[in-house]
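**Student:** sequence and predicted structure below; questions after.
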Amino acid sequence: MFTVFAGMVVIGLKAVQHAFTILEKIEMAGGVIDIKTVTDAAAQASSTSDSVIYNLGLLLIVICWVFGIVDAYIIGKKKDLEDANHS
């Protein structure tokens with residue numbers, strides 16, 4: 001659980017960092033920053049995948065998710081066998 005949380009924090013921080021970079025570029029170009037610009041920057045930042053840290057965080061979350069599924073399956077199988085033997 002903590003590993004997935006850490007991965008989500010990394011992904012969130014990278015998205016925020018990227019959004020601030022986009023907003024700084026817009027501001028330096030003389031553009032107006034309004035709520036639409038902020039939402040567009042946030043959407044673009046959350047869809048980026050050019051960062052190695054972002055990709056590693058996402059991979060870590062997927063690995064933990066798959067491990068959890070396999071672990072739950074194995075524990076369920078053992079429980080089913082125990083229940084079948086006690087019947």
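**Tutor:** On my side now, so go ahead.
**Student:** for K14, which non-adjacent residue is closest in space?
**Tutor:** Y54 (4.6 Å; Cβ to Cβ, 6 or more residues apart in numbering). Heads up, the C-betas are built off the backbone N, CA and C, glycines and all.
**Student:** now that neighbour: which helix or strand?
**Tutor:** Per DSSP states H and E, Y54 falls inside helix 52-86.
**Student:** ok now stretch 76-86, how far from the chain's centre?
**Tutor:** 35 Å (Cα atoms, centre = their mean, to the nearest Å).
**Student:** can I get it in PDB, CA atoms only?
**Tutor:** Provided in PDB are the C-alpha atoms of stretch 76-86 (Å, rounded to 0.1, in the frame of the first residue of the first chain):
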ATOM      1  CA  GLY A  76      -7.900 -17.900  -2.100                       C
ATOM      2  CA  LYS A  77      -6.800 -21.200  -3.600                       C
ATOM      3  CA  LYS A  78      -5.200 -22.300  -0.300                       C
ATOM      4  CA  LYS A  79      -8.400 -21.300   1.600                       C
ATOM      5  CA  ASP A  80     -10.500 -23.200  -0.800                       C
ATOM      6  CA  LEU A  81      -8.300 -26.400  -0.400                       C
ATOM      7  CA  GLU A  82      -8.500 -26.000   3.400                       C
ATOM      8  CA  ASP A  83     -12.200 -25.700   3.300                       C
ATOM      9  CA  ALA A  84     -12.600 -28.700   1.000                       C
ATOM     10  CA  ASN A  85     -10.400 -30.800   3.300                       C
ATOM     11  CA  HIS A  86     -12.400 -29.900   6.400                       C
END
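**Student:** pLDDT averaged over that stretch - what is it?
**Tutor:** What stretch 76-86 shows for mean pLDDT is 89.
**Student:** helix/strand/coil for G30?
**Tutor:** Under DSSP: H, G, I helix; E, B strand; the rest coil, G30 falls in the coil class.
**Student:** quick one on the thing from earlier: which strands and helices sit next to the helix holding Y54?
**Tutor:** helix 2-28 (3 or more Cβ pairs under 8 Å, 6 or more residues apart in numbering; DSSP states H and E).
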